[in-house]
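**Q** the following comprises the amino acid sequence and a computationally predicted model.
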Amino acid sequence: MKNTPITRKKMIRLLNEDLAREYQAIIAYIVYSQTMKGAQYLHIAGELEKHAAQELSHALLIAKQIDYFNGTPLLAPKTVKFSEKAADNLRFDLENERTTILHYRQRIRQAEDMGEFGLSEILRRIIAEEQDHLTDLADALGIDTPKL
Ligand SMILES: [Fe+2]
Ligand SMILES: [Fe+2]
């Protein structure tokens with residue numbers, strides 16, 4: 001059953017929240033990839049660099065959608081945590097990816113309720129990459145990928 005669509009204004013506000021999470025992810029992946037030392041982190045540090053580039057492309061896609069709805073992309077990231085311990089930073093990333101996926105899942109439903117199928121298709125492409133990020137982080141931590 002179709003839900004009542006949210007307004008364009010509300011969608012702009014929510015996409016700006018998503019954009020702030022993408023900015024956060026870009027910063028976190030840049031900093032964590034360059035500060036993660038030790039042979040056991042060599043592989044994942046390289047993966048995190050790739051994530052940084054993908055998060056940048058997500059930020060551009062989201063900003064483009066905000067502009068399409070006649071909104072203005074905001075400027076500030078969500079707060080980025082940092083620990084001296086590499087494993088802590090991997091856990092912060094894992095938690096952020098989890099949160100991001102849950103928000104995008106909701107955003108896809110909202111876009112479809114609005115009849116904005118172009119937006120929902122873009123979000124589906126983004127969410128597939130976030131799922132890969134989550135799996136990479138879970139592998140690096142030696143845990144199962146969280147079920148969402
Ligand atoms: Fe992203
Ligand atoms: Fe991600």
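**A** That came through, no problem. Ligands and ions are numbered 1, 2, ... in the order given.
**Q** which residue does the chain bring closest to ligand 2?
**A** Nearest to ligand 2, among the residues of the chain, is His133, at 3.7 Å (Cβ to the ion). (Glycine included, C-beta is placed from N, CA and C.)
**Q** residues near that residue, how many?
**A** By other Cβ atoms under 10 Å, 23 other residues sit near His133.
**Q** phi first, then psi, for it.
**A** Here is the backbone geometry of His133 (degrees, to the nearest 10): phi -60, psi -50.
**Q** and the pLDDT for it?
**A** Per-residue pLDDT puts His133 at 98.
**Q** before we move on, what about Gly38?
**A** pLDDT, Gly38: 89.
**Q** how close does the residue of the chain closest to ligand 2 get to Asn96?
**A** From His133 over to Asn96 the distance is 9 Å, taken as Cβ to Cβ, to the nearest Å.
**Q** likewise Pro146?
**A** According to Cβ to Cβ, Pro146 stands 12 Å off from Asn96.
**Q** neighbour-wise, which of those two wins?
**A** Taking neighbours as other Cβ under 10 Å, Pro146 and Asn96 compare with Asn96 leading, 22 against 14.
**Q** name the SS class of the more buried one, please.
**A** Assigned with DSSP: H, G, I helix; E, B strand; the rest coil, Asn96 falls in the helix class.
**Q** mind listing what the residue nearest to Leu74 when sequence neighbours are not counted touches?
**A** In space, and not counting its chain neighbours, Leu74 is closest to Asn16: 4.7 Å by Cβ to Cβ, 6 or more residues apart in numbering. By Cβ atoms under 8 Å, 6 or more residues apart in numbering, the residues touching Asn16 are 66, 71, 73-74.
**Q** mind checking how far the residue in the chain that ligand 1 sits nearest to is from Tyr104?
**A** Using Cβ to the ion, the closest approach of the chain to ligand 1 is made by His58 at 3.5 Å. For His58, the distance to Tyr104 (Cβ to Cβ) stands at 9 Å.
**Q** shared neighbours, these two?
**A** Common neighbours of His58 and Tyr104, using Cβ under 8 Å, 6+ apart, are Ile126.
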